[in-house]
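Novice: Return a 3D structure for these sequence lines:
(chains A and B)
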Amino acid sequence: EAGVVQSPRYKIIEKKQPVAFWCNPISGHNTLYWYRQNLGQGPELLIRYENEEAVDDSQLPKDRFSAERLKGVDSTLKIQPAELGDSAVYLCASSLELVDEQFFGPGTRLTVL
Amino acid sequence: GDSVTQMEGPVTLSEEAFLTINCTYTATGYPSLFWYVQYPGEGLQLLLKATKADDKGSNKGFEATYRKETTSFHLEKGSVQVSDSAVYFCAPYSGGYNKLIFGAGTRLAVHP
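Specialist: The predicted model follows:
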């Protein structure tokens, strides 16, 4: 069974440019998470979806970040415009239900110059 | 709010040495507790978990016991291997916030 798929794996952009990350969760997983992991730190939750509904986006900087999960499967996280401080690894994870084990993708390493 | 404190790294050990990585947490109620591991170039993967007091989670020779009285979930392994070199994250599940709270991670380096 395929794991969580993310693309791209690496992205380098200049500040003020837009960027988008894509995630395909494990088939059948209703819950999808986006995390940001800064260098030397643990992941921090940005947004959580239950099917297509964003049920926790309290940590998502809404002035520049947006996310969607159309049809409750794939998800896209967007930053527009990117800032230097957005350089981090963006992780996607999925789980069958809310408190279940979370399965993580390999992440997208974003570098903003 | 809910939080977790992990032993700072890096931890450097020789092969076959004993490993302990300390983890303590503050959380509302009795959260489920998880250890995740991140190997170089890979995503996080679940190492072990415990869902109630005195439960012992184990996997790949690693163990951790849910200690309610000390709010701790220390990770141990009796004999580490070079292949155990990775970053280890302790993560209680916060029922109040409905999310995992990750520690900063502890980098383990095992040399032959």
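Novice: The residue in chain B that chain A sits nearest to and residue B:6, how far apart?
Specialist: Residue nearest to chain A within chain B (CB to the nearest CB): residue B:102, separated by 3.1 Å. Quick note: C-beta positions are derived from backbone N, CA and C, even for glycine. Remark: distance between residue B:102 and residue B:6 (CB to CB, to the nearest Å) = 9 Å.
Novice: which residues do these two both contact?
Specialist: Common neighbours of residue B:102 and residue B:6 (criterion: CB atoms under 8 Å, 6 or more residues apart in numbering or on different chains): B:89-90.
Novice: average pLDDT across the strand ranked longest in chain B?
Specialist: The longest strand of chain B (DSSP state E) is strand B:86-94. Averaging pLDDT along strand B:86-94 gives 93.
Novice: just stretch A:92-99 next, same as before
Specialist: Regarding stretch A:92-99, the rounded mean pLDDT is 85.
Novice: Need the contact partners of it.
Specialist: A:4, A:6, A:21, A:23, A:25-26, A:28-35, A:50, A:75, A:77, A:101-105, A:107, B:32, B:44, B:93, B:98.
Novice: Which parts of chain A are strands?
Specialist: Using DSSP E, strands in chain A cover A:5-7, A:10-13, A:19-24, A:31-37, A:44-50, A:53-56, A:65-68, A:75-79, A:88-95, A:103-104, A:108-112.
Novice: how many neighbours does the residue nearest to residue A:16 when sequence neighbours are not counted have?
Specialist: Closest residue in space to residue A:16, ignoring its immediate chain neighbours: residue A:81 at 4.2 Å, by CB to CB, 6 or more residues apart in numbering or on different chains. Using other CB atoms under 10 Å in any protein chain shown, residue A:81 has 14 neighbouring residues.
Novice: Equivalent analysis for residue A:39, please.
Specialist: 7.
Novice: Do you know the pLDDT at the nearest residue to it once chain neighbours are set aside?
Specialist: Closest residue to residue A:39 in three dimensions, ignoring its sequence neighbours and counting by CB to CB, 6+ apart: residue A:88, at 7.4 Å. Looking at residue A:88, its pLDDT stands at 97.
Novice: which residues does residue A:88 bridge with?
Specialist: residue A:110 (DSSP bridges).
Novice: residues contacting it?
Specialist: Residue A:88 is in contact with A:36-39, A:109-110, counting by CB under 8 Å, 6+ apart.
Novice: The same query, at a cut-off of 10 Å, please.
Specialist: A:35-39, A:41, A:43-44, A:107-112 (CB atoms under 10 Å, 6 or more residues apart in numbering or on different chains).
Novice: same deal with residue A:33?
Specialist: Counted by CB under 10 Å, 6+ apart, residue A:33 has contacts A:4, A:23, A:25, A:43, A:45-49, A:56, A:75, A:91-95, A:102-104, B:99-100.
Novice: show me what contacts the closest residue to chain B within chain A?
Specialist: Closest contact between chain A and chain B, by CB to the nearest CB, is at residue A:42 (3.1 Å). Listed by CB under 10 Å, 6+ apart, the contact set of residue A:42 reads A:35, B:4, B:6, B:36, B:38, B:44, B:87, B:89-91, B:100-105.
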